[in-house]
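>>> return a 3D structure for these sequence lines:
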Amino acid sequence: MYTKRIIPCLDIKDGKVVKGVNFIGLKDVGDPVELAKLYASQGADELVFLDITATHENRKTIADLAAQVAEKIFIPFTVGGGIRSLEDIKQILRCGADKVALNSAAIKNPQLIKQAASMFGSQCVVVAIDAKMRESKDGWNVVIHGGRIDTGIDVLEWARYVQELGAGEILLTSMDADGTKQGFDLQLCQAVNTTAKVPIIASGGGGSLKHFYDVFAQDAADAALAASLFHYGEVEVAEVKDYLHHRGISVRTQAWDEDVEALIAKMDFTKQDGLLPVIVQEEGTREVLMLAYMNKESLRITLKRRLACYYSRSRKQLWLKGETSGHYQEVRAIAYDCDKDTLLLTVHQHEAACHTGAHSCFYQRIKLEKEEN
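Reported below is the predicted structural model:
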């Protein structure tokens, strides 16, 4: 069972975090960098920043914001809003964002999804789908520009198509529920989750602890996103996780916001020429996938991005697992041994872990003398 994620969303306008109902009546609720630090300290799994002004002039503002956030927090974050080209995507990722969210740009040019996935990897590409129930009540259409324009595109058909083009994740917002705090749109989320095979982030309507439980208990989404609920201090991320954990929902309880430098200082890098052996196992099956090595910098990167980064002893350089092959390892948990000189990574492995194409590097078995077939 994959762990469920809790993701605060920060809508950005003129460098400030704002929130309204159905994208109307926006109110200033705080500084984005300070809120990012707060949510990271509370145990948020990821963050999403959406530039709702989405103008060309604000591209530098949102890029600068990404750079500031990357310096202050060590959890993955996504940036969206007004991203229209591969160059825009490259700029945002270079500033420190882990993913980009494409919305109306993907509607106007679906091939941008394919191009971005090919150049940067599917794990970096989130397609944001704003959905609104049709007047006939027989399904949902994709809407853009804050729900003001109905594209006429069926949400389920669009979800299926963006997955085929290479989207690694779908951020699904119910425009009917957004800002109402009446609960996530379970019918919509379940329909899309059944149609698409990539992770679904449920957005719009989260207003209580039970709403988070409902969306996960009914297997309607892989992650849940909320904004005003967190912004106004009605609940904290840690409260949501504690509530879910005690009701049998698998969530990440490890303190990812632990001071990275303090953690690195605990480890004994003296026994292997500045390196730590890393045993990598698959989440769920616990199958051992590979043995690798980390130095302090690769461990630092792994903790920040939650994508496995190692040190190559032969090439004498860092390497992000899957950077060329697309076979990334999403880090779910990290443990260290009693001597603090070896790490155990639990990961979600994309495709094969071994360069031979085998799922595990340990596929060549030695048969013991009395071992039965």
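>>> and the spatially closest residue to Asp14 that is not a sequence neighbour, how far from Ile62?
Among residues not flanking Asp14 along the chain, Thr53 sits closest, at 6.8 Å (CB to CB, 6 or more residues apart in numbering). Glycine gets a C-beta too; all of them are placed from N, C-alpha and C. Noted for Thr53: a distance of 9 Å to Ile62, by CB to CB, to the nearest Å.
>>> ok, Asp11 touching Ala226?
No: using CB atoms under 8 Å as the test, Asp11 is too far from Ala226 to be in contact (11.8 Å).
>>> mutual contacts of the two, please.
When contacts are counted by CB atoms under 8 Å, 6 or more residues apart in numbering, the set common to Asp11 and Ala226 is empty.
>>> ends of stretch 312-319, what's the gap?
7 Å (CA to CA, to the nearest Å).
>>> repeat for stretch 294-311
One end of stretch 294-311 to the other measures 5 Å (CA to CA).
>>> for Thr61, see how far away the residue nearest to Asp14 is.
Counting by CB to CB - Thr53 and Thr61 are separated by 9 Å.
>>> now the common contact residues for these two.
Joint contacts of Thr53 and Thr61 (CB under 8 Å, 6+ apart) are Asp14.
>>> so who does the nearest residue to Pro110 once chain neighbours are set aside touch?
Excluding its sequence neighbours, the residue lying closest to Pro110 (CB to CB, 6+ apart) is Leu165, at 6.0 Å. With contact taken as CB under 8 Å, 6+ apart, Leu165 is in contact with Pro110, Gln111, Ile113, Lys114, Ala117.
>>> among those residues, who's most crowded?
Compared across the contacts of Leu165, Ile113 has the highest neighbour count, 24 neighbours, by other CB atoms under 10 Å.
>>> next, the buried residues of stretch 207-215.
Within stretch 207-215, the residues scored as buried using 16 or more other CB atoms under 10 Å are Gly207, Ser208, Leu209, His211, Phe212, Tyr213, Asp214, Val215.
>>> give the helix, strand or coil label for the residue nearest to Asp14.
Reduced to three states with DSSP: H, G, I helix; E, B strand; the rest coil, the structure at Thr53 is coil.
>>> re earlier: can you give me the distance of the residue nearest to Pro110 to Ile12?
From Leu165 to Ile12 the distance is 27 Å (CB to CB).
>>> equivalent analysis for Gln349, please.
Taken as CB to CB, the span from Gln349 to Ile12 is 34 Å.
>>> then Ser122?
25 Å.
>>> tell me how far Cys141 lies from Ile201.
Slight slip there: residue 141 is Asn, not Cys. As judged by CB to CB, Asn141 and Ile201 stand 19 Å apart.
>>> hey, where'd the helices end up in the stretch 201-350 of the chain?
For the stretch 201-350 of the chain, the helices defined by DSSP state H, counting those that start in this stretch cover 209-217, 228-231, 237-245, 260-266, 296-305.
>>> quick one: closest of these to Gln317.
helix 296-305 (9.8 Å; CB to CB).
>>> so, low pLDDT: which residues of the stretch 101-250 of the chain?
The model of the stretch 101-250 of the chain has no residue with pLDDT under 70.
>>> ok, which stretches of it are strands?
Using DSSP state E, counting those that start in this stretch, the strands of the stretch 101-250 of the chain run over 125-133, 140-144, 149-154, 169-174, 200-203, 223-226.
>>> center of the chain, which residue is that?
Glu46 (5.7 Å; CA atoms, centre = their mean).
>>> would you tell me which helix is longest in this structure?
In terms of residue count, the longest helix belonging to the chain (DSSP state H) is helix 59-72.
>>> what does that helix contact?
Contacts to helix 59-72, defined as CB under 8 Å, 6+ apart, come from residues 12, 14-15, 32-33, 36-37, 40, 47, 49, 51, 77, 79, 81-82, 88, 91-92, 95-97.
>>> more neighbours, Asn141 and Ile201?
Ile201 (24 against 18).
>>> returning to that earlier point: measure the residue nearest to the centre of the chain to Gln349 for me?
As judged by CB to CB, Glu46 and Gln349 stand 19 Å apart.
>>> returning to what we had before: looking only at pLDDT, what's the mean for whichever helix or strand comes after the longest helix of the chain?
Using DSSP states H and E, the helix or strand that follows helix 59-72 in sequence is strand 77-80. Strand 77-80 shows a mean pLDDT of 94.
>>> again, but for stretch 366-373
72.
>>> measure Ser203 to Asp31 for me?
Taking CB to CB, one finds Ser203 at 22 Å from Asp31.
>>> ditto for Glu164
Applying CB to CB to Glu164 and Asp31 gives a distance of 39 Å.
>>> what do you get for Ile334?
30 Å.
>>> grab the nearest non-local neighbour of Lys296.
Nearest to Lys296 is Ile264, by CB to CB, 6+ apart, at 5.4 Å.
>>> and the one you found, how many neighbours does it have?
Residues near Ile264, counting by other CB under 10 Å, number 17.
>>> thought it was touching Asn295?
No: in this structure, Ile264 is not within contact of Asn295 by CB under 8 Å, at 9.9 Å.
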